[in-house]
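# Pasted the sequence and its predicted model underneath.
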Amino acid sequence: IAFSSCLRSRDKLAELHGNMFVEECMKCGKQYVRDTVVGTMGLKPTGRLCDVSKHRGLRSCRGKLMDTILDWEDSLPDRDLNLASEASRSVFPQHRSPGEENLCSSGLNWATLSWVVFSQTFRDPAR
């Protein structure tokens with residue numbers, strides 16, 4: 001990700017359609033970032049259990065873990081929906097290209113993780 005050096009913690013990241021490498025506990029909400037794809041899609045249980053210890057080291061949560069990938073009919077999680085609505089209040093001018101700003105200093109950075117084939121570099125004719 002181009003802005004990964006800007007990202008200080010995952011709580012500042014809104015993954016609006018989920019992440020194939022993240023599981024979330026259905027009971028306590030703890031997220032686990034895995035090195036491999038979790039294996040399910042559509043907010044389904046992955047078969048693993050949460051291992052977060054409860055207060056004073058007593059037994060672990062043991063809530064079921066589920067993937068975070070949204071299906072078409074699923075709503076955005078509240079935390080991501082709130083971040084998205086806050087972000088819509090501040091839109092960068094269209095005539096600016098991402099290279100013109102220091103992305104780390106701006107309050108919001110967008111990234112889409114998908115393969116894109118570029119046949120040429122875009123140059124704004126208005127410049």
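The structure has been received and is ready for your questions.
# Asp67 is in contact with Val38, correct?
Yes: if you go by C-beta atoms under 8 Å, Val38 and Asp67 touch, sitting 5.0 Å apart. To be clear about C-beta, it is placed using only N, CA and C from the backbone, and glycine gets the same treatment.
# Please enumerate the shared neighbours of those two.
Met20, Val22, Glu23, Thr46 (C-beta atoms under 8 Å, 6 or more residues apart in numbering).
# how near is the second one to Val33?
For Val22, the distance to Val33 (C-beta to C-beta, to the nearest Å) stands at 6 Å.
# So those two - more neighbours on which side?
Val22 (18 against 10; other C-beta atoms under 10 Å).
# Now do the contacts for the residue lying closest to that one once chain neighbours are set aside.
Among residues not flanking Val22 along the chain, Thr68 sits closest, at 4.8 Å (C-beta to C-beta, 6 or more residues apart in numbering). By C-beta under 8 Å, 6+ apart, Thr68 lies in contact with Glu15, Gly18, Asn19, Val22, Glu23, Glu24, Gln31, Leu43.
# Recalculate using a threshold of 6 Å.
Going by C-beta atoms under 6 Å, 6 or more residues apart in numbering, Thr68 touches Gly18, Asn19, Val22, Glu24.
# Out of those, grab the one that's most surrounded.
Glu24 (23 neighbours).
# Can you name the helix or strand that that one falls in?
strand 22-25 (DSSP states H and E).
# Provide the strand pairings for that strand, with the direction of each partner.
strand 31-33 (antiparallel), strand 64-67 (antiparallel) (DSSP bridges).
# List of residues touching that strand?
Residues contacting strand 22-25 (C-beta under 6 Å, 6+ apart): Gln31, Tyr32, Val33, Val38, Thr46, Cys50, Gly63, Leu65, Met66, Thr68.
# before we move on, what about stretch 34-43?
Counting by C-beta under 6 Å, 6+ apart, Met20, Phe21, Glu23, Thr46, Met66, Asp67, Ile69, Asp71 sit against stretch 34-43.
# In space, what's closest to the second one - neighbours in sequence excluded?
In other words, Phe21. Arg34 (5.0 Å).
# and the gap between that neighbour and Ser60?
Arg34 is 18 Å from Ser60, by C-beta to C-beta.
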